[in-house]
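Enquirer: missing the sequence, but the structure's below:
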């Protein structure tokens with residue numbers, strides 16, 4: 001009777017230990033230093049919330065937005081130094097909007113559990129009013145193209161929240177920034193550079 005009871009207890013303990021090993025296997029794997037969390041999604045570890053390709057693309061966009069911010073910053077200060085108050089105020093506003101765009105993307109990357117890449121793209125500094133405007137317009141065309149590709153990628157990956165965010169930024173780029181810059185260059189052609197400069201004082 002006693003022998004039968006011991007056998008039952010031993011079998012119970014063995015079964016319990018087996019279950020413990022299975023549970024450990026679900027969350028960890030053995031290594032010389034002890035059990036370490038496995039990185040596979042089937043092993044109980046939470047993966048990155050966002051799609052890695054989308055996060056990488058957003059990080060690339062951050063560099064472009066930071067470049068736009070800094071390019072508008074230097075150009076706005078140049079206009080201010082030249083006494084062109086009106087165009088200074090407009091470009092200073094554009095600088096703040098680009099900073100807000102970068103901030104929005106950075107926050108989205110963090111939400112998606114990525115690490116924001118703060119490396120800025122190169123900027124092109126103009127030497128006078130016309131070259132400043134053309135450099136800014138060139139940058140806006142580039143940003144618009146990259147945003148459009150980002151919208152397409154998010155659509156493919158099923159990240160519709162990020163897609164809508166990029167669509168809004170693309171709308172700002174097309175309907176506000178790009179349109180205004182194109183308009184200034186047309187005014188210079190119609191009015192002449194000197195008349196345009198005088199109107200900006």
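Expert: Yes, it's here. Here the structure is a predicted model, which is why all the values come from computation and not from measurement.

Enquirer: Contact partners for residue 155?
Expert: Residue 155 makes contacts with residue 163, as judged by C-beta atoms under 8 Å, 6 or more residues apart in numbering. Where you see a C-beta, it was placed from the backbone N, CA and C, and this is true even at glycine.

Enquirer: try it again with 10 Å
Expert: Contact partners of residue 155, counting by C-beta atoms under 10 Å, 6 or more residues apart in numbering, are 162-163, 166.

Enquirer: Look at the residue nearest to residue 110 when sequence neighbours are not counted and give its secondary structure.
Expert: Once flanking residues are discounted, residue 110 sits nearest to residue 116: 6.6 Å by C-beta to C-beta, 6 or more residues apart in numbering. Recorded secondary structure, residue 116: coil (DSSP: H, G, I helix; E, B strand; the rest coil).

Enquirer: Please tell me how far residue 116 sits from residue 139.
Expert: Going from residue 116 to residue 139 by C-beta to C-beta, to the nearest Å gives 21 Å.

Enquirer: Looking only at neighbour counts, state which of the two leads.
Expert: Remark: of residue 116 and residue 139, residue 139 carries more neighbours, 23 against 16, as counted by other C-beta atoms under 10 Å.

Enquirer: How many neighbouring residues does residue 110 have?
Expert: 12.

Enquirer: mind checking the SS state of residue 127?
Expert: Using three-state DSSP, the secondary structure recorded for residue 127 is coil.

Enquirer: Correct me if wrong: residue 71 contacts residue 137.
Expert: No. Residue 71 is not in contact with residue 137 according to C-beta atoms under 10 Å; the separation is 11.1 Å.

Enquirer: of those two, who's got more company?
Expert: residue 71 (26 against 17).

Enquirer: And the more buried one, what's its pLDDT?
Expert: You'll see residue 71 listed with a pLDDT of 98.

Enquirer: Then residue 79?
Expert: Model confidence at residue 79 (pLDDT) stands at 98.

Enquirer: where's it relative to residue 168, distance?
Expert: Remark: distance between residue 79 and residue 168 (C-beta to C-beta) = 27 Å.

Enquirer: Quick check on these two: which one has the bigger neighbour count.
Expert: A direct count of neighbours by other C-beta under 10 Å for residue 79 and residue 168 places residue 79 higher, at 21 against 13.

Enquirer: Touching, the more buried one and residue 88? I think so.
Expert: Yes. Under the criterion of C-beta under 10 Å, residue 79 is in contact with residue 88, at a separation of 4.0 Å.

Enquirer: shared neighbours of the two, anything?
Expert: Each of residue 200 lies in contact with both residue 79 and residue 88 under the rule C-beta under 10 Å, 6+ apart.

Enquirer: Let me see the contact set for residue 90.
Expert: Contacts for residue 90 (C-beta under 10 Å, 6+ apart) come out as 72, 76, 79, 84, 180-181, 184, 200.

Enquirer: That's all I had, so thanks and see you.
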